[in-house]
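need coordinates for the below:
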Amino acid sequence: MTTSREPFLTVPTTAESVAPTSKTELAETTPAVPILPTLPVPAPSPTLTAVTSTAAPTTTKQETTSSEKTMTTKEKEVSASTSKSVTPPHDTHLISTQTPGIHTPSTSSHPAATSVQATEKDKVNRTSPGATTPPALTLPHTTMETTRHTVESTTSLAVSPTRSCIPPYAEIVDECTKYICVNNQLVLFNKSQSCPFTSEPPNCGLLGFAILVNGDKCCPKWDCPCRCSMFPDLNVITFDGNSVAIYKAASYIVTQLPNETVSILVQECPADSESNLLWNFTNLCLVALNITHKSNHIIINRLQRRLYVNSRYAKPRFKKFGFEIYDTGNMYLIRSPSGLKLQWYHSTGMMVIDTDSSSNKLQTMGLCGFCDGDPTNDLMMANGTTVGASEDPAIFIDSWQVPNTTSYISHSRSRELNCSTSNCSGCMHMLQSDAFSPCHAFVPPSTFCEVWVRDAEYVNNQCVALAAYVASCHKFNICIEWRTPDYCPFMCPDTLRYQACLPACTSQSCPNHDFDADPDQCSGLTEGCVCPAGTLLHRPYSAICISPEKCACTDNSGFPRANGEVWKASKDACCMYRCDNDTIVPVEYNCSNMLSLVCRRAGEVIISLADDTSCCPQKVCVCNQSLCDLLPPECKYGEKVVSYYRQDSCCPDFICECDPELCESEVPSCREDQALIATRADGSCCLAYICICSSCAEMPPLCHDGEVLTVDANATDRCCPAYQCGQGTNTHFLSCPVGMLVVSVSSPSRCCPNQTCECSCDKMTSPKCGLGEAAQLERAFLSDPQNQCACKRYKCVREAVCVFGERGVLKPGQTLVDHQDDGLCHSRTCSRSLDPASGFHLLRSSSLNCSAHCQPNQIYVPPKDQTTCCGVCKNISCIYAHENGTTVLYKPGKSWVSNCMKFDCTDTLSGPTLISYSFSCPPFNETECMKIGGTVISYMDGCCKTCKEDGKSCQKVTVRMTIRKNDCRSNRPVNIVSCDGKCPSASIYNYNINTYARFCKCCRETGLQRRSVQLYCSGNATWVSYTIQEPTDCSCQWS
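Numbering: from 1, shown residues only. Below you'll find the model as predicted:
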């Protein structure tokens, strides 16, 4: 409300005192006693002639005085020639002082005129009816919906020719009046003189304030607005003043434009005590609002206090896609792209829809009717036909119901009556109470009773009817306190209290640095539930009442926190924060009570590890072999150092073990009738390779009688000599003892040679021993009488070995390993037990299928050590068993995700190995993301979520620029770190100082660091070092 000023009348003085003055505002004057103007009295100074237009119902008298003194009725008596002055009412703190249908003119005074103040008695007598209202509440008003309409008087004053002027010359008095130079004379020109429109605004009754359609205050053109109201009881006042009442729970199209549709959802009111709204009217309530413009879809749920934009949660205030949506704390204020303005009150559910256009009528259709100023076509159905005044309006309501949405049907409220044919005395008597009298001049009882008599709910329920009348008065900013605890009480939840008059556009809440100032072009009152005394809303859209101390901080979950308050911000309660001077700072967890740990094994040290089950790091003992003093030993040929560990020590014990790869044994080349075998001598790590005879394929032939079996002399050194049968002779041979050889000496005198026996020990045949046998000297043969030559003879005896077929022999304890290509391993070990049948030691054999232990993703690799039976299974791929029971092989380098576990098939020294690890997602609050208008984005294959904000936050950015200082400059652009990004700002109404407190954060540096840049100076062709400052980090800070 504007500040009160004392109205005054002006009396012109001398020509020298001509100067611009402000216009006089006259509010709520009554036209019952018009005052005629009087001509001015001659004076020595130049005179002004006042000509008053007949457009104003009241005028004022002006007098001239012979001096330049200023007189008031409080100081001196007014001249006898002065008639009774028009006394505008004192501008008290009224919620509304406009009297509908009565012109309230003002007069333009001559510059530097004498003021004549009206008396207090006249002010009281000329106050309009109903102007006395509780002065406790003051509200802002707008240009279009003002509480006082001022129209300038149409007065033309001519200045006497004694004062000359040279054109072009002009002196502006106010926005409607100015002096112009005409024929070298100053002439007062008033734009309102030729105004063709009626200056008084019409009384629009239930529609609310009239609006200025041409925007010209000097020549105003008034008209009733295109304003549709839906009362808390769901009675709809259409754009042109008709009324219909909804009695079904369903969805309805309220207003429809070519590219925009506004619909509502009506449901049965919730009866549970947990609801944050208690219904105080009928059993049906307006739950949701649905606005569709082209492809964009807005849904507002009043009971849940939730806003959804294109199916995603958004936080008021929302400005996008042509929509502007505010939550003032007491109502939703919505502006649509097509020019609709909607006010939807939280506690009552009343909705007011304006076309938001003062000059153009929008072609609307729906329950709110056809906005063209013609009430006869207001009830136009969806098919284009109009329901007549005598027809049932239920047809009209059903035509705009969304099909298949009905959930409850009550009784029709329509009554085919009016106050001309029916008795409306009950309604008139109901509104004659002194509590409602301030509103009678704005919403006449007769106007409302015409709606009352046609609505069965109003007739039967006085509380609902009076609530609708008061809601109409609230459009005119008129506060009416009419409810009592015993009469039509307004029920509020236990945490809230009732207040009869609330400013709809503001609410007491914490300063919110995330939002802009309060919405403009907004006015009105409402009744409802507010926070208890000593508390205020945390946010206008939150409906949470807190103490002012809790406004200091807001955590990442949206909860208010007081200065010094510490809270836990993670599920495991390890992450804690504290509100410190309006800033949230992290708090270290207290781990002072953790038990100390003592490491008892040699070579152990204490380290700290993170633990999922505790907020404090767990101390564990781990080995540190750098603390060990034992050195590895020197090993013999063919051995390597191997380390072993004991349970009581971290330091290794070293021993020497065989390593076949360190042996350099020579492998002999065997004949084709021999086989190569490997054996290891006792105490040796390296293998020895020998050639042994293979089994003979051919047996000696059987000779016939008379044939002699002979051996091929060229094959005696072979494993299998060649035998043959030769023809025998009848020659008599001398038989010599063992060790002697027949020597034949030919004699000419004899046919046959002379044969004698001579010693020939070297010609004695040695026995050929088989595998596992050895030649042994026959000592008994040395003393045999037949051994005349003392020759040595050997015999074959069995050794203490095992005979492995025809391939070789093994000593007791030795093992022969035979590897097959199919992965079979045959192991043969020579035991220390004798075989009575053969006389050799027993050979124990075993077979093992080494490749059978390999998985499908492995291949079998034979061992490098020939004495080792089985090799190893080497991975060639990764194997993974899925939840459905299937097993899949993956090649190296393949990665996949299953149940938020990531699997990598990675090449290692042992081949492809499956490595798995779980995703570690940072903390994320989806609710807070939706509140700031962000978008929930999934990453890590849907296992983690993050918030993508609409806009760039404050952060460090790099800018390339060339640095110049006098005639010095950098030879190329330099990367300079700067701060850039969005930061919150707000302008919040502060009721303590009755003004707006502005809050603004700027993206600025949190610290500076120096940096040197080399500049080239062209004046003296030298390089100089120039120091600049750069931010170390950036953040949003108070400006």
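
can you show me the CA trace of the one helix or strand residue 266 maps to as CSV?
Secondary structure assigned from DSSP states H and E places residue 266 in strand 260-268. Extracted as CSV, the C-alpha positions of strand 260-268 are listed here (Å, rounded to 0.1, in the frame of the first residue of the first chain):
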residue,chain,number,x,y,z
GLU,A,260,-2.4,-24.9,-24.7
THR,A,261,-4.7,-26.8,-22.4
VAL,A,262,-5.3,-26.3,-18.7
SER,A,263,-7.0,-29.2,-16.8
ILE,A,264,-7.6,-30.0,-13.2
LEU,A,265,-8.0,-33.2,-11.2
VAL,A,266,-10.8,-33.3,-8.6
GLN,A,267,-10.8,-36.1,-6.0
GLU,A,268,-12.4,-37.0,-2.7
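
mind giving me the packing neighbours of the helix or strand following it?
The first helix or strand that comes after strand 260-268 along the chain, using DSSP H and E, is strand 284-293. Secondary structure elements in contact with strand 284-293, counted by 3 or more C-beta pairs under 8 Å, 6 or more residues apart in numbering; DSSP states H and E, are strand 260-268, strand 296-301, strand 331-335, strand 341-345. For the C-beta atoms, the positions are set from N, CA and C on the backbone; glycine is no exception.

follow-up on the earlier one: which parts of the strand holding residue 266 are buried?
Buried residues in strand 260-268, counting neighbours by 16 or more other C-beta atoms under 10 Å, are found at 260, 261, 262, 263, 264, 265, 266, 267.

helix, strand or coil: sort out the nearest residue to residue 424 once chain neighbours are set aside for me.
Setting aside the residues directly before and after it, residue 424 is nearest to residue 449 in space (C-beta to C-beta, 6 or more residues apart in numbering), at 4.4 Å. The three-state label for residue 449, taken from DSSP: H, G, I helix; E, B strand; the rest coil, comes out as helix.

now for the closest residue to residue 285 other than its chain neighbours, how many residues are close by?
When the adjacent residues along the chain are set aside, residue 285 lies closest to residue 269, with 4.2 Å between them (C-beta to C-beta, 6+ apart). Applying the criterion other C-beta atoms under 10 Å, we find 20 residues in the vicinity of residue 269.

which ones are touching residue 350?
Taking C-beta atoms under 8 Å, 6 or more residues apart in numbering as the definition of contact, the neighbours of residue 350 are 229, 230, 231, 232, 344, 471, 526.

OK, contacts around the first one?
Applying C-beta under 8 Å, 6+ apart, one finds that residue 229 lies in contact with 206, 207, 208, 236, 237, 350, 351, 352, 353, 471, 472, 475.

ok, of those, which come out buried?
Applying the neighbour count, that is 16+ other C-beta under 10 Å, the buried entries in the contacts of residue 229 are 206, 207, 208, 236, 237, 350, 351, 352, 353, 471, 472, 475.

dump those to TSV, plus secondary structure, pLDDT and distance to residue 768.
As requested, those are arranged in TSV below (DSSP: H, G, I helix; E, B strand; the rest coil; pLDDT from 0 to 100; distance: C-beta to C-beta, whole Å):
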residue	secondary structure	pLDDT	distance to residue 768
206	helix	89	138
207	helix	87	137
208	coil	86	136
236	strand	95	129
237	strand	94	134
350	coil	93	127
351	strand	94	124
352	strand	94	128
353	strand	93	125
471	helix	93	132
472	helix	93	137
475	coil	90	135
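
nearest to residue 564 among those residues?
Nearest to residue 564 out of the buried ones among the contacts of residue 229 is residue 350 (C-beta to C-beta; 42.1 Å).

so how far is residue 333 from the closest one?
13 Å (C-beta to C-beta, to the nearest Å).

so which residues of the stretch 851-1000 of the chain form helices?
926-931 (DSSP state H, counting those that start in this stretch).

show me where pLDDT drops low in it?
Applying pLDDT under 70 to the stretch 851-1000 of the chain flags residues 919-920, 928, 930-934, 949-952.

okay, the contacts of residue 350 in JSON lines with secondary structure next?
Converted to JSON lines, the contacts of residue 350 look like this (three-state DSSP):
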{"residue": "229", "secondary structure": "strand"}
{"residue": "230", "secondary structure": "strand"}
{"residue": "231", "secondary structure": "coil"}
{"residue": "232", "secondary structure": "coil"}
{"residue": "344", "secondary structure": "strand"}
{"residue": "471", "secondary structure": "helix"}
{"residue": "526", "secondary structure": "strand"}
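
specify the residue positioned farthest from the middle of this structure.
Residue farthest from the centre of the chain, counting by C-alpha atoms, centre = their mean, is residue 749 at 135.1 Å.

can you classify that residue by secondary structure?
Reducing the assignment to helix, strand or coil with three-state DSSP, the entry for residue 749 is coil.

all helices of the protein, in order?
For the chain, the helices defined by DSSP state H occupy 120-125, 394-399, 425-431, 445-453, 456-460, 462-474, 779-782, 926-931.

residue 225: which of those helices is closest?
Taking C-beta to C-beta as the criterion, residue 225 comes closest to helix 462-474 out of the helices of the chain, the separation being 13.6 Å.

what helices and strands are in contact with that closest one?
Contact partners of helix 462-474 among helices and strands, from 3+ C-beta pairs under 8 Å, 6+ apart: helix 425-431, helix 445-453, helix 456-460, strand 525-530.

got those as a markdown table, with distance to residue 327 and mean pLDDT columns?
Converted to a markdown table, those look like this (distance: least, C-beta to C-beta, whole Å; pLDDT from 0 to 100):
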| stretch | distance to residue 327 | mean pLDDT |
| --- | --- | --- |
| helix 425-431 | 33 | 93 |
| helix 445-453 | 30 | 94 |
| helix 456-460 | 30 | 92 |
| strand 525-530 | 14 | 91 |
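
please point out which parts of stretch 596-612 sit buried.
599, 603, 604.

isn't residue 805 up against residue 694?
No - under the criterion of C-beta atoms under 8 Å, residue 805 lies out of contact with residue 694, with a separation of 9.1 Å.

who has more neighbours out of these two?
For the pair residue 805 and residue 694, the greater number of neighbours falls to residue 694 (18 against 11), based on other C-beta under 10 Å.

got any ranges where the stretch 701-850 of the chain has weak pLDDT?
705-706, 727-733, 750-752.

over to the stretch 101-250 of the chain?
For the stretch 101-250 of the chain, the ranges with pLDDT under 70 are 101-163.

all strands of it, in order?
Listed from the start of the chain, the stretch 101-250 of the chain has strands (DSSP state E, counting those that start in this stretch) covering 105-106, 114-117, 151-152, 155-159, 170-172, 177-182, 185-190, 211-212, 222-223, 227-230, 235-237, 243-245, 248-249.
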